[in-house]
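Colleague: Return atomic coordinates for the entry below.
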Amino acid sequence: PHDEDVFEHFATSQLARVGLDGAVTLLADPNIYMGFTPSPDGRYLLVNTIHRPFSYLVPASRFPSYADVVDASDGSLIHRLADKPAIENVPTGFGSTYLGVRSQGWRQDESATLAWVEAIDGGDGKVEADARDAMFQLAAPFHGTPERIATLKYRYAGAYWSDDGFFLVQERWVQNRARRMYRVDEDGNQSLVLDVSYEDRYADPGSPMFTKGAHGYVMATSGGSVYFSGAGASADGQRPFVQLRNLSDGSVEEVFRSRDPRYESPIDLVGDSQLLIRTEAVDDPPNYALVNLRSGETTAVTDFPHPYPDLRDVHKELITYERKDGVKLSATLYLPPGYDRDRDGPLPALVWAYPREFKSAAAASQTSGSPFRFTSVSASGAVPFVTRGYAVINNAAMPVIGEGDAQPNDSFVEQLVMNAEAAIDAGASRGVVDPERVAIAGHSYGAFMTANLLAHSDLFRAGIARSGAYNRSLTPFGFQAEPRTFWEAPETYFAMSPFMNANHVDEPILLIHGMADNNSGTFPVQSERFYHALKGLGGTARLVMLPHESHGYRARESVMHMLWETSNWLDNHVRDAVPGRVSVDGPVGDG
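Modeller: Down below sits the predicted model:
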């Protein structure tokens, strides 16, 4: 009870309206507000609050809650849209959800009309059903019976409003990777206008663009067609685009495409003839510019300088290669400034990756990334270590494929090893990577990958695993794209768990974890128990727990310490490794 009082005290806030003159008007009573949005006409607020009894099983976002419409002038209650109990008993499996109102919001094409979604299949994604979700609406003054405006075969994944007498609604389904979009007209006619696989990046049509409409932000249209923007993935890398998509006949007119050797991302339409873009190149930091869609002329809007000119000469290359079963892979290779292959020879290397599941080998083989993006440096990634003399194989593709009825994770380990072997070979075949001095690293699921590769292969000298999970019996209701529970696939959970295979980890591993990690699959105990298992088995391991940090690290001292630990670990166990054996001595130690 004391914890509940403390939570209520610190989470309670007060809604207020602040005028342009600075005058403050308090609205309604203090409450635990989770969010609010004004109606397009400004007369109402849709307010979401949580209340007692608080749950001890789920996070605050799933506590009992109200969705209320209140008067924007004084905060008085107009209509209670939903009274939701604690969300504690959602059916297991992907595609499952809770019953009742969800995804509530205002229609942006009307002055004050609520729209929301409800499950009509009982919320259980494992139950066969012809339709799973329905959309409803209720206009001000919020009396009467809600009107059903759309019925969805799969789970709702967003709505796009327009001022042209129709709207688009999107659905997704994890089991078959489906992404579908319907057009719904004013008369209620509903027609399917897009049906793609969301893991097929080459066929991704993008998403609608927006403009200011009569009431709110609505889809940007022209002559009955809708402007879409997307990443433009291709075998040569991403080329972002803007297209006009005719929803009646499916025809597409290309309005803009990123122009080599720059990476140009659409941001917003400006009028009917200009496009605001974010433009960058390998040695040119991101800036904003206006493109005249008629002439193609580009006018600079900003001129930000290079944030780290000392790294201007870092070599960056999008590389493609194959693993031994023929699946095509890609990664971005970074080499230190001033490096000369003939003069300096092969370098020690760091591979940074994150596994991803696919239901199609063709989709897994698609190239990701772009050869023209600015060489940005984030302390949380691997690129900084190019300044320490390492070749960095960044975002190395780690697909795990399960076609047809096969589940990807049933061959997780075998595919992971093939991916890693191919990445090392790609660097070594170019003469820039010393295959005897390579480290593997990753964050979260990438940390899980790191531990598995050390347990099931001898490809790497050492590993760095940040904020990972290592015992899958502690995530028994699925993880990532694994749809089965521990009790449905115990052998898979066991085989994939580095903790269960700790006796096979015979390379040094650095474990880093935030002490306040509240990510449901990566509680700090995961690293603590894995470390104790490794040490008890005589392994070389170091555990670094960062105070007050969650799943990602934010404090300057935490980030700097993480970089110091990682740099020392790499230098001791990879760069200075004695050929033919693992180095276990050095300044970092194994404690």
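Colleague: Hmm, residue 528 is touching residue 535, no?
Modeller: No - assessed by Cβ atoms under 8 Å, residue 528 is found out of contact with residue 535, at 10.9 Å. In short, each C-beta sits where N, CA and C put it, glycine included.
Colleague: any weak-confidence spans in this structure?
Modeller: When residues are selected by pLDDT under 70, those of the chain lie in 580-591.
Colleague: can you tell me which helix in it is longest?
Modeller: Criterion DSSP state H: the longest helix present in the chain is helix 412-429.
Colleague: Which parts of the stretch 1-150 of the chain are strands?
Modeller: With DSSP state E, counting those that start in this stretch as the definition, the stretch 1-150 of the chain shows strands at residue ranges 13-18, 24-38, 44-50, 65-71, 77-84, 102-106, 113-119, 133-139, 147-152.
Colleague: quick one, phi psi at the residue lying closest to residue 518 once chain neighbours are set aside?
Modeller: The shortest distance from residue 518 to any non-neighbouring residue, by Cβ to Cβ, 6 or more residues apart in numbering, is to residue 550 (5.9 Å). When read as degrees, to the nearest 10, the backbone of residue 550 gives phi -90, psi -140.
Colleague: Look up how far residue 515 lies from residue 550.
Modeller: 9 Å (Cβ to Cβ, to the nearest Å).
Colleague: Now find how far off-centre the longest helix of the chain is within its chain.
Modeller: Centroid separation for helix 412-429 versus its chain: 24 Å, with Cα atoms, centre = their mean, to the nearest Å.
Colleague: All the helices of the stretch 351-500 of the chain, in order from the start?
Modeller: Ranges of helices within the stretch 351-500 of the chain are 361-364, 412-429, 445-456, 490-496, based on DSSP state H, counting those that start in this stretch.
Colleague: Out of those helices, the one nearest residue 49 is which?
Modeller: Closest approach to residue 49 among these (Cβ to Cβ): helix 445-456, 33.9 Å.
Colleague: okay, now residue 59: neighbour count?
Modeller: 10 (other Cβ atoms under 10 Å).
Colleague: got the contact list for it?
Modeller: residue 518 (Cβ atoms under 8 Å, 6 or more residues apart in numbering).
Colleague: at 7 Å what do you get?
Modeller: By Cβ atoms under 7 Å, 6 or more residues apart in numbering, no residues touch residue 59.
Colleague: What separation is there between it and residue 88?
Modeller: Using Cβ to Cβ, residue 59 is found at 11 Å from residue 88.
Colleague: Quick check: bridge partners of residue 139?
Modeller: Each beta-bridge partner of residue 139 is listed here: residue 113, as defined by DSSP bridges.
Colleague: Counting neighbours, what do you get for it?
Modeller: Residues lying near residue 139 (other Cβ under 10 Å) number 16.
Colleague: can I assume it is in contact with residue 113?
Modeller: Yes - taking contacts as Cβ atoms under 7 Å, residue 139 lies within contact range of residue 113: 4.3 Å.
Colleague: What is the burial count for the closest residue to residue 125 other than its chain neighbours?
Modeller: In space, and not counting its chain neighbours, residue 125 is closest to residue 95: 2.6 Å by Cβ to Cβ, 6+ apart. Residues within reach of residue 95, counting by other Cβ under 10 Å, total 20.
Colleague: now swap in the one 10 residues further on and tell me
Modeller: Counted with other Cβ under 10 Å, the neighbours of residue 105 add up to 14.
Colleague: which residues does it contact?
Modeller: Neighbours of residue 105 in contact, by Cβ under 7 Å, 6+ apart: 37, 46, 115.
Colleague: Residue 304 now?
Modeller: Counted by Cβ under 7 Å, 6+ apart, residue 304 has contacts 285, 287.
Colleague: Tell me which helix or strand it sits in.
Modeller: For residue 304, there is no enclosing helix or strand under DSSP states H and E.
Colleague: can you tell me how far it sits from residue 359?
Modeller: Distance, residue 304 to residue 359, by Cβ to Cβ: 41 Å.
Colleague: And residue 12, by the same measure?
Modeller: From residue 12 to residue 359 the distance is 46 Å (Cβ to Cβ).
Colleague: Those two - which one has more neighbours?
Modeller: residue 359 (20 against 12).
Colleague: State the distance from that one to residue 54.
Modeller: Taken as Cβ to Cβ, the span from residue 359 to residue 54 is 39 Å.
Colleague: Counting neighbours, what do you get for the closest residue to residue 84 other than its chain neighbours?
Modeller: Distances taken as Cβ to Cβ, 6+ apart put residue 65 closest to residue 84, at 4.8 Å, once the chain neighbours are dropped. If you count neighbours by other Cβ under 10 Å, residue 65 ends up with 20.
Colleague: Kindly report the same for residue 498.
Modeller: When neighbours are counted by other Cβ under 10 Å, residue 498 registers 29.
Colleague: before we move on, what about the one 4 residues further on?
Modeller: One way to gauge burial is a neighbour count; for residue 502, by other Cβ under 10 Å, it gives 25.
Colleague: From what I see, it and residue 537 are in contact.
Modeller: Yes - counting by Cβ under 7 Å, residue 502 does reach residue 537; the two are 5.8 Å apart.
Colleague: which ones are touching residue 497?
Modeller: 470, 471, 472, 473.
Colleague: and the closest residue to residue 339 other than its chain neighbours, bridged to which residues?
Modeller: What sits nearest to residue 339 in space, not counting adjacent residues and going by Cβ to Cβ, 6+ apart, is residue 315, at 6.7 Å. Counting by DSSP bridges, residue 315 is bridged to residue 335.
Colleague: now residue 315: how far from residue 341?
Modeller: For residue 315, the distance to residue 341 - Cβ to Cβ - is 10 Å.
Colleague: And stretch 53-61, what's buried?
Modeller: Neighbour-count burial for stretch 53-61 flags 54, 55 (criterion: 16 or more other Cβ atoms under 10 Å).
Colleague: Revised request: answer the last question for stretch 287-294.
Modeller: For stretch 287-294, burial by neighbour count (16+ other Cβ under 10 Å) applies to 287, 288, 289, 290, 291, 293.
Colleague: which residues does the closest residue to the fifth one other than its chain neighbours contact?
Modeller: By that I understand residue 291. Sequence neighbours aside, residue 275 is the residue nearest to residue 291 in space, at 4.7 Å (criterion: Cβ to Cβ, 6+ apart). For residue 275, the contact set (Cβ under 7 Å, 6+ apart) comprises 242, 256, 266, 269, 291, 293.
Colleague: So in that sheet, which strands flank the helix or strand hosting residue 275, and in what orientation?
Modeller: Using DSSP H and E, residue 275 sits in strand 274-281. Using DSSP bridges, the strands paired with strand 274-281 are strand 263-270 (antiparallel), strand 284-292 (antiparallel).
Colleague: Nothing else from me, thank you.
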